[in-house]
Structure formats: structure tokens, C-alpha cells
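1. Need coordinates for the below:
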Amino acid sequence: MLGLSTHQLLQKRAYPIIGLAMLAMLAIFALAACTSYPDVNQDPAKNNRQTFQRDALECAQAYPDAGSGVHVRQRIDCMKLKGWR
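-> The predicted structure follows:
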């Protein structure tokens, strides 16, 4: 087939499969990160939407977006320091 050996054909066909596997793993990690975001405060007086939004905004401002995604873990830790679990 166009002068390509079997080994060359297998290499060309493997790349899309590897790409799809990496995309699937990335999607799984993204879902896992979203499900672990704290949303219940230990203090019942602070366990409301307004306090959550204020604290989340403060954490987002303290840890701006980073290309590597480190900011997500930092924001989660910030929310945990504020009493959210």
C-alpha cells in the first residue's frame, strides 16, 4: 500500500488511538476535579449560596487561572480553609 511497510502502517494508525485515550483520561480527571469541589460549610450559619459565592470569588481572585491547572487545586484548598467540605 503506497510502499509503506506493515510497521509504518501500524505506527500511523496508533497515533489517533493514543490521542483518544489521552482525551478520555483528561475528561475523567476533569470530572473528578469537579466532583471534589467543596460545597458544604461546617458552620451552619455560613452554609448558604451567598457565602459560598463570596468565598469562591475570593479564592478565584487569590489564585488566578494558570495554564497547567494548578489553580484548581489551590482554589479547592482555599475553600477548605474557609470551612467548606
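
2. Look at the residue nearest to the spatial centre of the chain and tell me its secondary structure.
-> Geometric centre of the chain, nearest residue: A30, 3.7 Å, by C-alpha atoms, centre = their mean. Under DSSP: H, G, I helix; E, B strand; the rest coil, A30 falls in the helix class.

3. residues contacting it?
-> For A30, no contacting residues are found, by C-beta atoms under 8 Å, 6 or more residues apart in numbering. Where you see a C-beta, it was placed from the backbone N, CA and C, and this is true even at glycine.

4. pLDDT below threshold where in this structure?
-> By pLDDT under 70, the low-scoring segments of the chain are 1-19, 32-35.

5. where along it do the helices fall?
-> 6-35, 49-62, 70-81 (DSSP state H).

6. now the angle from the second one to helix 70-81?
-> Read that as helix 49-62. Angle of helix 49-62 versus helix 70-81, following axes from the mean of the first three to the mean of the last three C-alpha atoms, to 10 degrees, is 140 degrees.

7. what's helix 49-62 packed up against?
-> Judged by 3 or more C-beta pairs under 8 Å, 6 or more residues apart in numbering; DSSP states H and E, helix 49-62 is in contact with helix 70-81.

8. which residues touch the helix it packs on?
-> Counting by C-beta under 8 Å, 6+ apart, 33, 36-38, 55-56, 58-60, 62-65 sit against helix 70-81.

9. Just put the residues you listed in CSV and tack on distance to M22 and neighbour count.
-> Converted to CSV, these look like this (distance: C-beta to C-beta, whole Å; neighbours: other C-beta atoms under 10 Å):
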residue, distance to M22, neighbour count
A33, 16, 13
S36, 21, 11
Y37, 24, 12
P38, 28, 19
D55, 34, 19
A56, 30, 18
E58, 34, 14
C59, 29, 20
A60, 28, 14
A62, 31, 11
Y63, 26, 17
P64, 26, 9
D65, 22, 11
